[in-house]
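>>> Generate a structure from the sequence data that follows.
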Amino acid sequence: MALEAVARQGLILLGCGKMGTALLTGWLAAGVPPASIWVIEPNPSDWLQATGVHLNETLPPKPAVALVAVKPQMMGTALPALQALGNGGTLFISIAAGTTMATFEHALGADTPIVRTMPNTPAMVGRGITALCGNASASATDMAMARALMAAVGEVVDLDGEHLMDAVTAVSGSGPAYVFHLIETLAAAGEAEGLPPATAMQLARATVCGAGELAYQSPETAAQLRINVTSPGGTTAAALAVLMDEATGFPALLKRAVKAAADRGRELGK
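So this is what the prediction gives:
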C-alpha cells in the first residue's frame, strides 16, 4: 500500500550518487513506475538517464515523498529547492549522516513530516540495513511509507529516538568500511606468513564474506558460531587469545573506533 501511494502521487529523489542509485534500483525492482519518480542530480550517470525517470525536470506540486540523498555539506543549498513542499502533505526522508531533523524543520517548516534514516552501502547489493526514526509530524502512515521505501534495499529497524542515530551511524553506517579494512589487514597478515598477495586476498575476502553469510543465515548467535569453530588449544584459540584481549584486542579497538565515529557524527550535527 505504501509504495502504491508513492506510485500514485510521485516521489522526488534529491541526489543520485551511490546510495541514491542503490535506492532507485531497489524501487524500480519493487515495481515503482519510473514515471512516478523525479530525480534531481547535476551529474547523472548513463544508467540514470536510461531509467525513464523524470530527470532534472519541474517537480510535481504535491509528491508523496521527497528523499534527500545529498551529502550533509550540500544541505544548505539543496533544501531551499524543496522548501515549497514543506509544512504540507509531502513526507521528507533523509539519509544524510549528522543532519538532524531540527535542521530540516528549520529549513522546511516545523509541521513538515520528517523521517531520518541511516542506510549503509550493502544496499548496493540489496543487503543493506537501515535504522530510522520520525519527528512529531510523521504519522504512522508516513513511517510505514519510509519503511517500505528503505526495505527495497535490505532490512529496516526502528529507533526509540533520534539520540541513537549517531551510534547507528558508527556501527552500521560506517561499519562496512571496518569490514573492508579487516579483509585488507587479514590478507596482509597472510602475506607476512608467506602467501602470495593474490592468494592471500582471495582467501581473506572469501573467508569474511562466507563467515558473514553464515552469520546471516544461522539461527545461532555470533558468539556461538565463534565457539563452534574454536577447538580448545588449537590454532583458532591461539589467534583469538590475541584478538579477544580486553586491553589490546578487538573489544577495546572497536569500542574506540565506534566512539570516534559516533563523536564525529555528533560534531556534524551541531
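>>> quick one, what contacts residue 208?
Taking Cβ atoms under 8 Å, 6 or more residues apart in numbering as the definition of contact, the neighbours of residue 208 are 179, 182-183, 186. All C-beta atoms are positioned from the backbone trio N, CA, C, and that covers glycine.
>>> tell me which element it falls in.
In this assignment (DSSP states H and E), residue 208 forms part of helix 197-217.
>>> pLDDT on that helix, on average?
Per-residue pLDDT over helix 197-217 has a mean of 97.
>>> SS state for the closest residue to residue 201 other than its chain neighbours?
In this structure, residue 201 finds its nearest non-sequential neighbour in residue 187, 4.3 Å apart by Cβ to Cβ, 6 or more residues apart in numbering. In the three-state summary, residue 187 is assigned as helix, counting by DSSP: H, G, I helix; E, B strand; the rest coil.
>>> same deal with the one 4 residues further on?
With three-state DSSP as the basis, residue 191 sits in helix.
>>> wouldn't it be in contact with residue 203 here?
No. Between residue 191 and residue 203 no contact is recorded; they are 10.5 Å apart, counting by Cβ atoms under 8 Å.
>>> circling back: the residue nearest to residue 201 contacts residue 197, doesn't it?
Yes. Taking contacts as Cβ under 8 Å, residue 187 lies within contact range of residue 197: 7.4 Å.
>>> Not counting its own residues, what contacts stretch 225-235?
211, 214-215, 218, 220, 236-237, 240.
>>> residue contacts, the residue nearest the centre of the chain?
Centroid-nearest residue in the chain, with Cα atoms, centre = their mean: residue 119, separated by 1.5 Å. The contact partners of residue 119, taken as Cβ under 8 Å, 6+ apart, are 19, 22-23, 95, 128-130, 150, 153-154, 173.
>>> where's it relative to residue 34, distance?
Here the criterion is Cβ to Cβ, to the nearest Å. By it, residue 119 lies 21 Å from residue 34.
>>> next one: residue 220
Taken as Cβ to Cβ, the spacing of residue 220 relative to residue 34 amounts to 42 Å.
>>> same check, this time on residue 180
If you go by Cβ to Cβ, the gap between residue 180 and residue 34 works out to 32 Å.
>>> in stretch 16-35, what's buried?
The neighbour-count check on stretch 16-35 (16 or more other Cβ atoms under 10 Å) flags 16, 19-28, 32 as buried.
>>> Can you give me the end-to-end span of it?
From its first residue to its last, stretch 16-35 covers 16 Å (Cα to Cα, to the nearest Å).
>>> For residue 108, which non-adjacent residue is closest in space?
residue 86 (3.1 Å).
>>> my bad, residue 266
On the basis of Cβ to Cβ, 6+ apart, the spatially nearest residue to residue 266 that is not a chain neighbour turns out to be residue 166, at 5.3 Å.
>>> Return the residues in contact with the residue lying closest to residue 171 once chain neighbours are set aside.
Nearest in space to residue 171, with sequence neighbours left out and distances taken as Cβ to Cβ, 6+ apart, is residue 258 at 6.0 Å. Under the criterion of Cβ under 8 Å, 6+ apart, the contact partners of residue 258 comprise 167, 170-171.
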